[in-house]
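*Asks:* Any chance you could fold what I've pasted below:
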Amino acid sequence: MKFSIIATAALLSSATAFQTPNTNPTFKNVQGRNAGLVSKTAFSQNTVSNVDNYVNRESNTALSSALLPAAITSPIGSISVLAFVILIHEMGHFLAARSFDIKVKEFSIGVGPKIFGFTRGGSGILNEDGVDEEGIQFNLRAIPLGGYVAFPENYNATMDYNLEVAAQKTRDEIKGIIEENRKDGGEVAAATNGGLFSSFNFKSKDDTTEEERLAALKKLNLSTTMVASASSGSWIQNLFGKKEKDVSKERSIIIEKDGTITVPPTDYFSDPDLLQNRPWSQRAVVLVGGVVFNIILSFSLYFGELTVGPGLGRPQFEQGAIITAMPNANSASLGVLERGDVIKTLNGQALTKGIPTAYNAQDTISGFIENIRATNPGDSLHLSVLKASTKQTVEVEVTPKNSKEGDASSSPSIGIMIGPNYVGNKMVKATNPIEAASIAGTEVYDLTYQTARSITSYLGGLIVGNAPAGQQLSGPIGVIKTGSNVVSSNDITAVIGFAAAISVNLAVVNALPLPALDGGQLLFVLSEVVTGKKIDQKKQEAVTSTFLLFFLAVSLSTAVGDLSSLARFTK
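*Replies:* Down below sits the predicted model:
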């Protein structure tokens, strides 16, 4: 398998996922259920992530309920921002590798069919595919939702695959001959098994005897007299009498003395310039390069906003949660609550704990949904509501209904959409570079911490079968929709905030210790440091491939969820 470090949903060799803020984070369906589960590499978006506010705080228009047209009209700008963030991530891997003079095979932005590309540093000699194998290929591919840095393989994967195929074919031929012998009551079966296997009944490939296998090899004109046992360290001798050392270069399958068929161990290349042959410390630097560059990008964007830009917008919130849309038809809230109302308390307890901030404003939403979910059938909720029409605070009672009519097992719902009680922006401007660096560093730290907390809590909830309330995963379609809304605002500060949030999300998800992600690959390297020996490369690739399939399933699932969400907003 090609050794690659992939960002986002490239899904070619290894993969990586990322989380991004929701386009419309203020609209949470308060039905005590998730709108959908999941998306590599893999995209992952936690729609209730606290980084939502890092995008929305740059523009007051972000809290508008009429955002769908922007999502449709500005996808190119959104994709461009996403592609730029991916480019920076892959540059981190690429530059780290080249700084150690490690060979790189390909640097690609986008996945799928190649649109155009060029090669640098090659020998000028092209192979049968028209590629200079000695140079680095720089390619732009058709689907700009991913990217990867590919490193040369450290063994002949094609030869290994062909050997496995040839060995299995020979095993199948041997098994077929033994089956025929057993069916016919042949000499081998009668002599070795007393006729017990005259009926054909195999339970496993290991129930054949040495005598049966040797007899089958004889029919195939193969003989152990022409080979040496693998335990002796020699390869199979071919029929033309070549010397053993010549045959070893060809790497043929091995026929053991007991008639079993095996393949020789993988012949790994010793080229010191291959990534796999470098010290663990250098491999670790290459693996973390993408994450580091994403963090640096976010810091730089915030620093620029604070120094040469108009400043960094900080969202301001008040207590409670605002209803962002009219209640659903036939819902518990119809006729009781209306759009613009602010829910201040629930059953006598304030919705927002402490001073309202960008982070606990999101916690307010999740906590409210969890309380609705926990309502017993027939119980009412006592709400203190600031009415939008009268500006007066009133007390109301709402009795949740099942979110799916007629389905007693569905979650309780009051049929409204709510969001943080956002009241405006406060622009922060640094007076000197030191202050700007301090503020930007704090912003990146807070965003990274909250993003990591949100993702890990969601994944932890999935593992125990209790995903946090109001959270769901989204994929590339949701990311593009988010960016489309931001780009359509024509507010450069909003676009910068979106790029910074995406960059941090990409860094956090890639850092997760899951195979196929940068963090998972780093875990393999660190285990080498602890144990003093490398994990078998074939086993690493098998584990990575398994998780890659998982990420692919997640990607397909989130795509369906994103389309469903988009369809709901078009109604």
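*Asks:* and Asp273, helix, strand or coil?
*Replies:* Reducing the assignment at Asp273 to three states with DSSP: H, G, I helix; E, B strand; the rest coil gives coil.
*Asks:* Tell me where this protein has helices.
*Replies:* Under the criterion DSSP state H, helices of the chain are mapped to 52-56, 68-73, 75-99, 157-183, 187-193, 210-219, 244-250, 280-307, 358-373, 433-464, 476-488, 492-510, 518-531, 537-570.
*Asks:* Redo those helices as JSON lines? Include distance to Asn139, mean neighbour count and mean pLDDT.
*Replies:* Bear in mind the C-beta positions are built from the backbone N, C-alpha and C, glycine included. Converted to JSON lines, these look like this (distance: least, C-beta to C-beta, whole Å; neighbours: other C-beta atoms under 10 Å; pLDDT from 0 to 100):
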{"stretch": "helix 52-56", "distance to Asn139": "31", "mean neighbour count": "29", "mean pLDDT": "39"}
{"stretch": "helix 68-73", "distance to Asn139": "29", "mean neighbour count": "16", "mean pLDDT": "41"}
{"stretch": "helix 75-99", "distance to Asn139": "11", "mean neighbour count": "21", "mean pLDDT": "91"}
{"stretch": "helix 157-183", "distance to Asn139": "21", "mean neighbour count": "16", "mean pLDDT": "87"}
{"stretch": "helix 187-193", "distance to Asn139": "57", "mean neighbour count": "16", "mean pLDDT": "42"}
{"stretch": "helix 210-219", "distance to Asn139": "48", "mean neighbour count": "18", "mean pLDDT": "84"}
{"stretch": "helix 244-250", "distance to Asn139": "33", "mean neighbour count": "12", "mean pLDDT": "42"}
{"stretch": "helix 280-307", "distance to Asn139": "18", "mean neighbour count": "21", "mean pLDDT": "96"}
{"stretch": "helix 358-373", "distance to Asn139": "39", "mean neighbour count": "21", "mean pLDDT": "81"}
{"stretch": "helix 433-464", "distance to Asn139": "30", "mean neighbour count": "17", "mean pLDDT": "87"}
{"stretch": "helix 476-488", "distance to Asn139": "20", "mean neighbour count": "26", "mean pLDDT": "75"}
{"stretch": "helix 492-510", "distance to Asn139": "20", "mean neighbour count": "27", "mean pLDDT": "90"}
{"stretch": "helix 518-531", "distance to Asn139": "21", "mean neighbour count": "17", "mean pLDDT": "92"}
{"stretch": "helix 537-570", "distance to Asn139": "21", "mean neighbour count": "17", "mean pLDDT": "73"}
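*Asks:* can you redo those helices as a markdown table with distance to Thr324?
*Replies:* As requested, those are arranged in a markdown table below (distance: least, C-beta to C-beta, whole Å):
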| stretch | distance to Thr324 |
| --- | --- |
| helix 52-56 | 13 |
| helix 68-73 | 14 |
| helix 75-99 | 22 |
| helix 157-183 | 53 |
| helix 187-193 | 77 |
| helix 210-219 | 72 |
| helix 244-250 | 70 |
| helix 280-307 | 28 |
| helix 358-373 | 11 |
| helix 433-464 | 21 |
| helix 476-488 | 15 |
| helix 492-510 | 19 |
| helix 518-531 | 36 |
| helix 537-570 | 12 |
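*Asks:* and of these, who's closest to Thr260?
*Replies:* Ranking these by proximity to Thr260 (C-beta to C-beta) places helix 210-219 first, at 6.7 Å.
*Asks:* and Gly121, how many residues sit next to it?
*Replies:* 11 (other C-beta atoms under 10 Å).
*Asks:* same deal with Asn425?
*Replies:* Asn425 is flanked by 19 other residues according to other C-beta under 10 Å.
*Asks:* Do you know the pLDDT at it?
*Replies:* Here, the pLDDT recorded for Asn425 equals 79.
*Asks:* surely it meets Arg314?
*Replies:* Yes. Asn425 lies in contact with Arg314 (C-beta atoms under 8 Å); the separation is 6.7 Å.
*Asks:* To Val394, which of the helices of the chain lies closest?
*Replies:* helix 358-373 (17.9 Å).
*Asks:* what residues are up against Phe269?
*Replies:* Applying C-beta atoms under 8 Å, 6 or more residues apart in numbering to Phe269 gives the contacts Asn154, Tyr155, Asn277.
*Asks:* Mind checking which of those residues are buried?
*Replies:* Of all the contacts of Phe269 considered here, the ones buried according to neighbour count by 16 or more other C-beta atoms under 10 Å are Asn154, Asn277.
*Asks:* Which residue comes closest to Glu210 once chain neighbours are left out?
*Replies:* In space, Glu210 comes closest to Asp258 once its chain neighbours are excluded; the distance is 4.6 Å by C-beta to C-beta, 6 or more residues apart in numbering.
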